[in-house]
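Any chance you can model this:
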Amino acid sequence: GDLAVPSHPLQRVIETAVAQASKKKLRVVVQCNHTTPRLAAKLAAEARGFGAAAVATALPRAFAVSDRQLADYARRVCDATDLPVIVQDWNPGGKSADAAFFVELHRSCANFRMAKLEDPGIGATIRAIARETAGHVGVLSGWGGSYAIQLHGAGLAGLMPGLALADGFVSIWARLQAGDRNAAL
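Numbers count the residues shown, from 1 in each chain. Below is the predicted model of the structure:
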């Protein structure tokens, strides 16, 4: 069915999440994933109408794709909305996108604000993205939050590990931000 139809299950899920979050003055990031850029962009275009504060999209790694195809995918999602965009890359079959990929995306899409990477040892990537975008693009760590403490000193903007241990990660992040690495550990 068409995602614009009010009775579509995805729309109801998003609207319910946004309504519940707004009661607590929380903002919602709507995940806009698909293997085709056309449908991911369609979701991104509709996100504001659902009440989203931002959109996120994961680069499609289900099939072999070129760096150019990945860049085109990300640009198409960014171009579909005026909301801030998070682009996630997790590539279990090889290397993830590098700093140059995200720097170029920032140059072509002003609303691209965050990269979410699922790799250890990305301190140099975090620093390069911050330097080359004058701090306009941050990096979030996924990977279950496993590397947040190590990457904080490199300028990590935040972490997005999933909801299972959210309260614990909020506590760890608050301690890191306060400069108390020992308490975070």
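
Between its first and last residues, what's the separation in stretch 87-101?
From the first residue to the last, stretch 87-101 extends over 11 Å; the measure is Cα to Cα, to the nearest Å.

Could you report the neighbour count for Asp89?
Neighbouring residues of Asp89 were enumerated by other Cβ atoms under 10 Å; the total is 21. All C-beta atoms are positioned from the backbone trio N, CA, C, and that covers glycine.

so what's it bridging to?
Beta bridges link Asp89 to Leu117, judged by DSSP bridges.

so where do the helices sit in the chain?
In order along the chain, the chain carries the following helices (DSSP state H): 9-23, 37-50, 67-79, 99-108, 123-132, 148-152, 166-177, 181-184.

Let's have those helices in a markdown table, adding mean pLDDT.
Supplementary listing: these in a markdown table, determined by pLDDT from 0 to 100:
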| stretch | mean pLDDT |
| --- | --- |
| helix 9-23 | 80 |
| helix 37-50 | 91 |
| helix 67-79 | 97 |
| helix 99-108 | 98 |
| helix 123-132 | 98 |
| helix 148-152 | 94 |
| helix 166-177 | 93 |
| helix 181-184 | 96 |
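
Compile these into JSON lines and extend it with columns for mean neighbour count and distance to Leu140.
As requested, these are exported to JSON lines (neighbours: other Cβ atoms under 10 Å; distance: least, Cβ to Cβ, whole Å):
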{"stretch": "helix 9-23", "mean neighbour count": "13", "distance to Leu140": "19"}
{"stretch": "helix 37-50", "mean neighbour count": "19", "distance to Leu140": "18"}
{"stretch": "helix 67-79", "mean neighbour count": "18", "distance to Leu140": "15"}
{"stretch": "helix 99-108", "mean neighbour count": "18", "distance to Leu140": "12"}
{"stretch": "helix 123-132", "mean neighbour count": "18", "distance to Leu140": "10"}
{"stretch": "helix 148-152", "mean neighbour count": "20", "distance to Leu140": "10"}
{"stretch": "helix 166-177", "mean neighbour count": "14", "distance to Leu140": "11"}
{"stretch": "helix 181-184", "mean neighbour count": "12", "distance to Leu140": "17"}
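
Ok, which of those helices comes nearest Pro60?
Checking these against Pro60 by Cβ to Cβ gives helix 67-79 as the closest, at 6.2 Å.

re earlier: tabulate the helices of the chain in a markdown table, adding columns for distance to Val29.
Supplementary listing: the helices of the chain in a markdown table, determined by distance: least, Cβ to Cβ, whole Å:
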| stretch | distance to Val29 |
| --- | --- |
| helix 9-23 | 10 |
| helix 37-50 | 9 |
| helix 67-79 | 13 |
| helix 99-108 | 17 |
| helix 123-132 | 19 |
| helix 148-152 | 18 |
| helix 166-177 | 14 |
| helix 181-184 | 24 |
